[in-house]
Every structure is written in C-alpha cells, then in structure tokens.
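Participant: how would this look folded up:
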Amino acid sequence: MTDKQTPTPPTANISLWWLLLDIIGMALVVLAGYEIYLINEKNAGMLAEYFSWPHYPWVIMGVGVLCMLPFHKQVFALFRKVKQYQKELAKKDRPDF
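Facilitator: Modelled structure (predicted):
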C-alpha cells in the first residue's frame, strides 16, 4: 500500500485594502450609473456643471471597474486554489485496487 499525504487547505489571504478599494469602485460605478440616468432622463446630471465633456460618467464608471479588479483577482485566485484542493482531496480519497 502506498502512503498518501493529506493536502493542505488553501488559506484566504484577501487584503482589507483591496476590499476597501473594491467598495470605492462599486460606489463610483453606482454614481456613474445614476449620473447617466440623470443626463438621459432630466438632461442635467449632478456633476454636469463641473465637467464640460459629455461622456464623463463613462470615465468614472471605467475608473470604478479598474478599482474593483485587484480584489476580484484575489477572489478568483483563491477560487482556483480551492478547486485544486478539492481535486487533490478527490484524488487522495480514491480507493487503491
């Protein structure tokens, strides 16, 4: 019989700073969406008097999405580690014939 080692579970090392940046990014995306709504429905946005370029909400939305990327990258990397761990556990638990 072969001796199989137990795989070590992955650790969740998600940064609090990336989470805060993700929250800021979500707020920017919501603000930009509301600004787009106001411009299309009422022809006046909250920030329209400060920006002369008509497509500024899309830039705000893009910045918000860029702020969210590092946190989601960490979450997806952890997801890949968990899936690999599950595969290793399944391989370890297979019976030897």
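
Participant: give me the number of residues near residue 64?
Facilitator: Using other Cβ atoms under 10 Å as the criterion, residue 64 is surrounded by 20 other residues. For every residue, glycine as well, the C-beta is placed using N, CA and C.

Participant: oh, I was asking about residue 69
Facilitator: Counted with other Cβ under 10 Å, residue 69 comes out at 13.

Participant: Helices of the protein, residue ranges please.
Facilitator: 16-42, 56-92 (DSSP state H).

Participant: Looking at those helices, spot the one closest to residue 10.
Facilitator: Of all those, it is helix 56-92 that lies closest to residue 10, at 3.8 Å by Cβ to Cβ.

Participant: Buried ones in that closest one, by neighbour count?
Facilitator: 56, 57, 60, 61, 64, 67, 68, 70, 71, 74, 88 (16 or more other Cβ atoms under 10 Å).

Participant: So the second one is in contact with residue 39, correct?
Facilitator: Pointing back at residue 57 there. Yes. Between residue 57 and residue 39 there is a contact under Cβ atoms under 8 Å: 6.9 Å.

Participant: Work out which residue lies at the spatial centre of this structure.
Facilitator: Against the mean C-alpha coordinate of the chain, by Cα atoms, centre = their mean, the closest residue is residue 72 at 2.6 Å.

Participant: Identify the residue nearest residue 60 in space, chain neighbours excluded?
Facilitator: Leaving aside its sequence neighbours, residue 60 sits nearest to residue 32 (Cβ to Cβ, 6 or more residues apart in numbering; 4.0 Å).
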